[in-house]
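Q: Pasting the sequence and the predicted coordinates here, then a few questions.
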Amino acid sequence: MTEHVLNAEGLNCPLPIIKAKKMLKSMPAGEVLQVRATDPGSVADFAAFCNQTGNELLSSNTEGDVYTFEIKRS
Amino acid sequence: MLDTGDLDNAKSMSIIVTKGSLDWAYPPFILGTTAAAMDVDVTMFFTFYGLPLLKKELNLKFTPLGNAAMEMPMAGGHMAMPNMMAVLPGVGGMAGKMMKNLMKKKGVASIEELRDVAVECDVKLIACQMTMDLFEYSKDDMIDGIELGGAATYMEKALKSDINLFI
């Protein structure tokens, strides 16, 4: 399984979501994308994105000003 | 991931884009590209002053004139722009430059960037044929990947869409 990492630090809405979608699309089903973002809105937005698209949000964490997400591609 | 094109229950959205200044260009392109990323089938119909947003070369401006709510962050506070100042020559251009710098600093995508994403994500971009004729644009002035259509083309899409927005 290859590691899929998206560094979306410094990017604002809607770029983290759009870049995440682009990466998910290129990944095989079942693999996990790790996202790092600094946009505080990304916490609510990644939850909504995963709800709508069926990709599974495995984790959503905050470490200081950095938000990390793990998304399993459906 | 599902290919929504093959599904009858895929969600869809249409947006009528009627304004082409920098500030008015953001809501339709942000919503259109985000919806496409969420597997929504998106149609954007560009008419009147929204049509120039499809031109190959964009040089988007905005004016604070008549926008009483506009404030720019400045030295830790916020600066309003009185209409008396906004009306002066060059203020609109300057405000546009300031806004673009601010957006870059804050990691906000440019309209050009969002438009590229829209094309890449198969958002259907329809240029209003009547406006093309009215303002004498040719299809060569416009980016590749757009379609031409009229009110009936829009209505056919809108009647089948879950969300229809007029911006």
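A: Thanks, I have the structure now.
Q: alpha carbons only for contacts and neighbour counts from here, please
A: Noted.
Q: residues in chain B within reach of chain A, list them.
A: Within chain B, the positions adjacent to chain A are B:1, B:30, B:33-34, B:37-39, B:106-109 by C-alpha under 8 Å from any C-alpha of the partner chain.
Q: Quick check: PyMOL command selecting the buried ones in those.
A: Only the buried members of these end up in this PyMOL selection, burial being decided by 16 or more other C-alpha atoms under 10 Å in any protein chain shown:
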select buried, chain B and resi 30+33+34+37+38+39+107+108+109
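Q: What is the most widely separated pair among the residues of chain B next to chain A?
A: Greatest spatial distance among the residues of chain B next to chain A (C-alpha to C-alpha): B:Met1 and B:Lys106, at 31.4 Å.
Q: For residue 40, list the residues it contacts.
A: Looking at chain A here, since you left the chain open. Taking C-alpha atoms under 8 Å, 6 or more residues apart in numbering or on different chains, we find A:Pro40 in contact with A:Tyr67.
Q: my bad, chain B
A: Neighbouring residues of B:Val40 by C-alpha under 8 Å, 6+ apart: B:4, B:10-13.
Q: need those residues in a markdown table with neighbour count, can you?
A: Below are the contacts of B:Val40 laid out as a markdown table (neighbours: other C-alpha atoms under 10 Å in any protein chain shown):
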| residue | neighbour count |
| --- | --- |
| B:Thr4 | 14 |
| B:Ala10 | 15 |
| B:Lys11 | 19 |
| B:Ser12 | 20 |
| B:Met13 | 21 |
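Q: From start to finish, how long is stretch B:134-145 in a straight line?
A: 22 Å (C-alpha to C-alpha, to the nearest Å).
Q: tell me which residues of that stretch are tucked away?
A: Those would be B:139, B:142, for stretch B:134-145 by 16+ other C-alpha under 10 Å.
Q: Residues in contact with that stretch: which ones?
A: Taking contacts as C-alpha under 8 Å, 6+ apart, the residues outside stretch B:134-145 that touch it are B:54-56, B:119, B:125, B:132.
Q: Quick one: distance of that stretch to the chain centre.
A: Remark: stretch B:134-145 is offset 16 Å from the chain centroid, using C-alpha atoms, centre = their mean, to the nearest Å.
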